[in-house]
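Undergrad: kindly generate the corresponding structure for this input.
(4 chains)
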Number of protein chains: 2
Amino acid sequence: MTDETKVRPRLRADARRNQEQLLAAARDVLVERGTGAPLEEVARRAGVGIATLYRRFPDRTALLRAVVLDALERTSAAAEEALDAAGDGLGALVRYLHAALDVRVSAVIPLVLDRLDLEDPDLGPARERSAALVQRLVDAAHADGTLAADVTFADVGTLLVRLARPLPGLPRDVDGRLAHRHLDLLVAGLRPVPGREPPGGPQLDRVGLRALRAADVSSGADERG
Amino acid sequence: MTDETKVRPRLRADARRNQEQLLAAARDVLVERGTGAPLEEVARRAGVGIATLYRRFPDRTALLRAVVLDALERTSAAAEEALDAAGDGLGALVRYLHAALDVRVSAVIPLVLDRLDLEDPDLGPARERSAALVQRLVDAAHADGTLAADVTFADVGTLLVRLARPLPGLPRDVDGRLAHRHLDLLVAGLRPVPGREPPGGPQLDRVGLRALRAADVSSGADERG
DNA sequence: TCGTAAACGGAGGATCTGTCTCCGCTAACG
DNA sequence: CGTTAGCGGAGACAGATCCTCCGTTTACGA
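TA: Reported below is the predicted structural model:
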């Protein structure tokens, strides 16, 4: 096994370091500039030549896949942690949301929906797993009555996207802290409030949300703030 | 005066119509694709030839300016309406926020911060006026105790941006209705909640927010979802 | 109804932007 | 200290976008 792993997959130390920096840079650039961002920008932010990027990731799709996979793994880990932790259902959900905010890309997965085949053998299961974990968090919070019954999986997911996307024009650290702050504010709105009339608009579960996305073929998704 | 106005500024009926459609299309495209979006897309969505766009707006900057100016006027009007309406402070503020959501562009001003000089003779005052009106809404809501004291002008403004930016991958009408729904949910978090511990993160007023933006020179803002 | 000037649309050349490869140089690792 | 994995960046290529020019269409006053 030592031999086995040594044979080829073992990268030279600098190569491994560069690969990680590329992934991190790609994560940031993806969130800030969208899926169409110049790869040279990714390389620059990673402090690496453009050739090094292409050496590791043969094309844009490969890079995006790697970023998304990484993000899914991280958010799944965060969700599991939240499920294990003691506390009420909403507490766990919010704990997860805070963690997911830090993994900025988690929120960004919808951005790549139309560029990547999410049903492929790697991504599909990872995505499924992540979604199932969040679903469990939502269910648990519904079950113990700490999450309002009319707040759905889709609400949680899309609210996370809204919070996680960077606000243009703000320094990154301020933006990040504001996101957590706004999540704190939002929490009160997720609790059941006795007399409140239910929120309007589409009340979508996981399936409903996915169906809508599949249906939407139009509109190139690239943004350019 | 009839003569006066007739002399030149009077556009032919079709020209005026086209101009309005261009503005509307530009608004949408700007929000969805950012400031770098192809102008041909704007023309196409407006149902107009590219030459017509260039005839009305000599360059990208002129078009962006027109869009922003229009947005500022609309949101100012909405704010005034909200101030006039009966009801408590938070009610008025929320009423304004719902209206501003529909003028999607509110979300757009931060996008153009680095492309446009917001201090210029047209934009500066319009922006000032709009901000002052929102400030009054916030102050009034603080004054009558319906808005939590630790929720600031900057929170309101940036939350609006978060809500107004379209979620990629969703049909437009669903996206819009979800935004209103999420605003409904958020409202509970804006109310003063007796025992609650204050939200963390930067508590910025209008001046503080603007200062941060001015400081931030880096990062091209274009997105490409 | 008709004439005229305003307005329109879109083809297409110029330009800009980003992709991705090739190859000489650098530095890990044994 | 030699070998070779790995690096960086110039630059040819491809595609997208800009923006003008000009023949055609249309609003509107007479």
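Undergrad: lowest-pLDDT helix or strand in chain A?
TA: helix A:2-7 (a mean of 41; mean pLDDT, DSSP states H and E).
Undergrad: how far away is the residue of chain A found nearest DNA strand C from residue A:20?
TA: Here the residue of chain A nearest DNA strand C is residue A:13; by C-beta to the nearest atom of the strand that distance is 3.2 Å. Any C-beta I mention is one placed from the backbone N, CA and C, and that applies to glycine too. In this view, residue A:13 and residue A:20 are 11 Å apart by C-beta to C-beta, to the nearest Å.
Undergrad: higher neighbour count, those two?
TA: residue A:20 (12 against 8; other C-beta atoms under 10 Å in any protein chain shown).
Undergrad: can you pull up the residues of chain A that come close to DNA strand C?
TA: A:12, A:13, A:14, A:38, A:39, A:40, A:50, A:51, A:54, A:59, A:60 (C-beta under 7 Å from any atom of the strand).
Undergrad: return the members of these classed as buried.
TA: Buried members of the residues of chain A next to DNA strand C, scored by 16 or more other C-beta atoms under 10 Å in any protein chain shown, are residue A:39.
Undergrad: contacts only, for residue A:87.
TA: Residue A:87 makes contacts with residue A:95, as judged by C-beta atoms under 8 Å, 6 or more residues apart in numbering or on different chains.
Undergrad: can you pull the pLDDT of it?
TA: pLDDT for residue A:87: 93.
Undergrad: got it, and residue A:169?
TA: For residue A:169, pLDDT reads 87.
Undergrad: with residue A:216 instead?
TA: 60.
Undergrad: and residue A:69, by the same measure?
TA: Confidence score, pLDDT, at residue A:69: 93.
Undergrad: same question for residue A:81.
TA: At residue A:81, pLDDT is 98.
Undergrad: which parts of chain A sit against DNA strand D?
TA: So chain A meets DNA strand D at A:11-12, A:14-15, A:18, A:47-52, A:55-56 (C-beta under 7 Å from any atom of the strand).
Undergrad: switch the cut-off to 10 Å
TA: A:8-19, A:21-22, A:36, A:40, A:43-44, A:46-56, A:220, A:222, A:224 (C-beta under 10 Å from any atom of the strand).
Undergrad: which helices and strands sit right next to the lengthiest helix in chain A?
TA: Secondary structure of chain A per DSSP state H: the longest helix is helix A:60-84. The helices and strands touching helix A:60-84, judged by 3 or more C-beta pairs under 8 Å, 6 or more residues apart in numbering or on different chains; DSSP states H and E, are helix A:13-33, helix A:39-46, helix A:89-102, helix A:109-112, helix A:123-143.
Undergrad: quick one: closest of the ones you listed to residue A:210.
TA: helix A:123-143 (8.8 Å; C-beta to C-beta).
Undergrad: from the chain's centroid, how far away is the closest one?
TA: Taking the mean of its C-alpha atoms, helix A:123-143 sits 13 Å from the chain's own mean (C-alpha atoms, centre = their mean, to the nearest Å).
Undergrad: can you list contacts of it?
TA: Taking C-beta under 8 Å, 6+ apart as the rule, helix A:123-143 contacts A:65, A:68-69, A:72-73, A:75-76, A:79-80, A:82-83, A:88-90, A:92-93, A:96, A:109, A:116-118, A:147, A:149, A:152-153, A:156-157, A:206.
Undergrad: one more: stretch A:67-83?
TA: A:23, A:26-27, A:30, A:92-93, A:95-96, A:99-100, A:103, A:105-106, A:108-109, A:112, A:116, A:122-123, A:126-127, A:129-130, A:133-134, A:136-137, A:140.
Undergrad: leaving out chain neighbours, which residue sits closest to residue A:64?
TA: residue A:112 (5.4 Å; C-beta to C-beta, 6 or more residues apart in numbering or on different chains).
Undergrad: if I pick residue A:179, what's in contact with it?
TA: A:101, A:163, A:164.
Undergrad: cutoff 6 Å now
TA: Applying C-beta atoms under 6 Å, 6 or more residues apart in numbering or on different chains, we find residue A:179 in contact with A:101, A:163.
Undergrad: per-residue confidence at it?
TA: Residue A:179 is assigned 97 on the pLDDT scale.
Undergrad: where does it land in three-state SS?
TA: Assigned by DSSP: H, G, I helix; E, B strand; the rest coil, the conformation of residue A:179 is helix.
Undergrad: what does residue A:193 give?
TA: Assignment for residue A:193 (three-state DSSP): coil.
Undergrad: so which strand or helix has the closest residue in space to it that isn't next to it in sequence?
TA: Distances taken as C-beta to C-beta, 6+ apart place residue B:188 nearest to residue A:193, at 5.7 Å, with adjacent residues excluded. Taking DSSP states H and E as the definition, residue B:188 sits inside helix B:172-190.
Undergrad: follow-up on the earlier one: quick one, which of the helices and strands packed on helix A:60-84 gets closest to residue B:202.
TA: helix A:89-102 (15.1 Å).
Undergrad: can I get the CA coordinates of the closest one in PDB?
TA: The C-alpha coordinates for helix A:89-102 follow below in PDB (Å, rounded to 0.1, in the frame of the first residue of the first chain):
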ATOM      1  CA  GLY A  89     -33.800  21.400  16.100                       C
ATOM      2  CA  LEU A  90     -33.600  25.000  15.000                       C
ATOM      3  CA  GLY A  91     -30.300  25.400  17.000                       C
ATOM      4  CA  ALA A  92     -28.800  22.600  15.000                       C
ATOM      5  CA  LEU A  93     -30.000  24.000  11.700                       C
ATOM      6  CA  VAL A  94     -28.700  27.500  12.400                       C
ATOM      7  CA  ARG A  95     -25.400  26.000  13.500                       C
ATOM      8  CA  TYR A  96     -25.200  24.300  10.200                       C
ATOM      9  CA  LEU A  97     -26.100  27.500   8.300                       C
ATOM     10  CA  HIS A  98     -23.300  29.400  10.000                       C
ATOM     11  CA  ALA A  99     -20.800  26.800   9.100                       C
ATOM     12  CA  ALA A 100     -22.100  26.600   5.500                       C
ATOM     13  CA  LEU A 101     -21.700  30.400   5.200                       C
ATOM     14  CA  ASP A 102     -18.000  30.000   5.900                       C
END
